[in-house]
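Colleague: okay, predicted coordinates and the sequence, questions at the end:
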Amino acid sequence: MNPKFQNAIKGVAQNCPPVWFMRQAGRYHQHYQKLRKENSFMDLCKNPKLAAEVALGPIEDFDFDISILFSDLLFPLEVMGMGLDYQPGPVLEWHLTGAQDLKKLKTGPETVEQLMFQKEACQLTRKLLPENKSFIGFVGGPWTLFSYAVAGSHESKLKVKEQLPIFPSFCEILMPLLKQNIQLQLDGGVEAVMVLDTSAGDLDPHIYNNLIVPIIKDLSASFPKQLGYYTKNTNYDHIKDLMVDENLAGIGVDHRWDMAQVLDQSNGFVQGNFDQQLLFMDSSSFEKTMMTYLETMAKLSPEQRKGWVCGLGHGVLPKTPEAHVKLFVQRVREVFGE
């Protein structure tokens, strides 16, 4: 386990934060690209040896403090009977068009059994990771999974919101499987599981608080201090109750938030929130912008920074310069010390 990440979870003040980027094992990375040329994306996810190799790549090349399970958030939809292929993006065999389609979703013991490749990947990744690195898992958030189930994407907002009335019924079917999915990753050796609900922030705060927050609180109550939660495009009215949820281990915020404010108001760790698009600047401009961000955070006392997991506002984008990823991690350690 990484001491810095454990301190962040426990709310222990420290000089240097742990560093973890969402999508740190992905398309921008030459290590991943080499493996992807030789294997399908599905094989990279479902073959535990390959999944572990992908997950270890950014730890070895960039020295992140935390590794994350390499997988995909849509596999629960696949085992519920919706099919799944990558061409290269995800393609489901069919989509929810109304309440009548919910009857087609599969449930039962056989569904979680089809996800056991994740547990094996967790076990192998943890075995291969250095002892001083932490390891986390992830699942898709309910609204994001619903968005894909309806529209095949989380970008088709109109189509998804047209089906808003069936979301509660969808969750009644999904949630038992999602809890089993989280448990199998914990059993596989992860220290925490991130619930990645990227598109839920697109809902207005009233709907979000009535539909999303109770579901996330139900999950966190089932796994006290073992879950983190992330969605983007939120404001305070969206996540104010989740920031102080005594059962959540922490939250992630995008670059629209003032990190000092979130750290002051949150009970758990806060992951974020340098704007991932800024890594595409020319090297000189990137370093100046990055240092301004880090120096602003360094003006806070260790007590004010406690809980901070240094990262991006969202995931590493394709074609992000690897040199800038490496430089970011190095500069964090230089600014805050080991």
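Modeller: Sure, I can see it.
Colleague: which neighbouring elements make contact with the one helix or strand in the chain whose mean pLDDT sits lowest?
Modeller: Scoring the helices and strands of the chain by mean pLDDT, DSSP states H and E places helix 157-162 at the bottom, with a mean of 86. Judged by 3 or more CB pairs under 8 Å, 6 or more residues apart in numbering; DSSP states H and E, the packing partners of helix 157-162 are helix 142-151. Yep, even glycine has a C-beta here, placed from its N, CA and C like the rest.
Colleague: ok now stretch 152-168, how far from the chain's centre?
Modeller: For stretch 152-168, the separation from the chain centroid amounts to 21 Å (computed by CA atoms, centre = their mean, to the nearest Å).
Colleague: and if you look at stretch 284-304?
Modeller: The answer for stretch 284-304 is 23 Å, by CA atoms, centre = their mean.
Colleague: go on, stretch 39-54?
Modeller: 18 Å.
Colleague: what comes into contact with that stretch?
Modeller: With contacts defined as CB atoms under 8 Å, 6 or more residues apart in numbering, stretch 39-54 is touched by 25, 31-32, 35-36, 69-72, 75, 85-86, 88, 117, 120-121, 123-125, 128.
Colleague: rerun that using 7 Å as the cut-off
Modeller: 25, 32, 35-36, 70-72, 86, 88, 117, 120-121, 124-125, 128 (CB atoms under 7 Å, 6 or more residues apart in numbering).
Colleague: using CSV, write out the CA atom coordinates for it.
Modeller: C-alpha atoms of stretch 39-54 as CSV (Å, rounded to 0.1, in the frame of the first residue of the first chain):
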residue,chain,number,x,y,z
ASN,A,39,-4.3,-7.9,-28.8
SER,A,40,-8.0,-6.8,-29.1
PHE,A,41,-9.3,-4.4,-26.4
MET,A,42,-11.5,-7.1,-25.1
ASP,A,43,-8.6,-9.4,-24.6
LEU,A,44,-6.6,-6.7,-22.8
CYS,A,45,-9.5,-6.5,-20.4
LYS,A,46,-10.5,-10.1,-20.0
ASN,A,47,-7.1,-11.8,-20.0
PRO,A,48,-5.9,-11.2,-16.4
LYS,A,49,-2.2,-11.4,-17.4
LEU,A,50,-2.6,-8.7,-20.1
ALA,A,51,-4.8,-6.5,-17.9
ALA,A,52,-2.1,-6.6,-15.2
GLU,A,53,0.6,-5.8,-17.8
VAL,A,54,-1.4,-2.7,-19.0
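Colleague: buried set for it?
Modeller: Within stretch 39-54, the residues scored as buried using 16 or more other CB atoms under 10 Å are 41, 44, 45, 46, 47, 48, 50, 51, 52, 53, 54.
Colleague: same thing with stretch 321-334?
Modeller: For stretch 321-334, burial by neighbour count (16+ other CB under 10 Å) applies to 322, 324, 325, 327, 328, 329, 331, 332.
Colleague: with adjacent residues omitted, what lies nearest to the fourth one?
Modeller: Nearest in space to residue 327, with sequence neighbours left out and distances taken as CB to CB, 6 or more residues apart in numbering, is residue 287 at 6.8 Å.
Colleague: residues in contact with residue 4?
Modeller: 14, 16, 17, 18, 65.
Colleague: can you classify it as helix, strand or coil?
Modeller: helix (DSSP: H, G, I helix; E, B strand; the rest coil).
Colleague: can you tell me how far it is from residue 282?
Modeller: 31 Å (CB to CB, to the nearest Å).
Colleague: try residue 270
Modeller: For residue 270 relative to residue 282 (CB to CB), the value is 30 Å.
Colleague: one more: residue 71?
Modeller: Distance from residue 71 to residue 282, by CB to CB: 34 Å.
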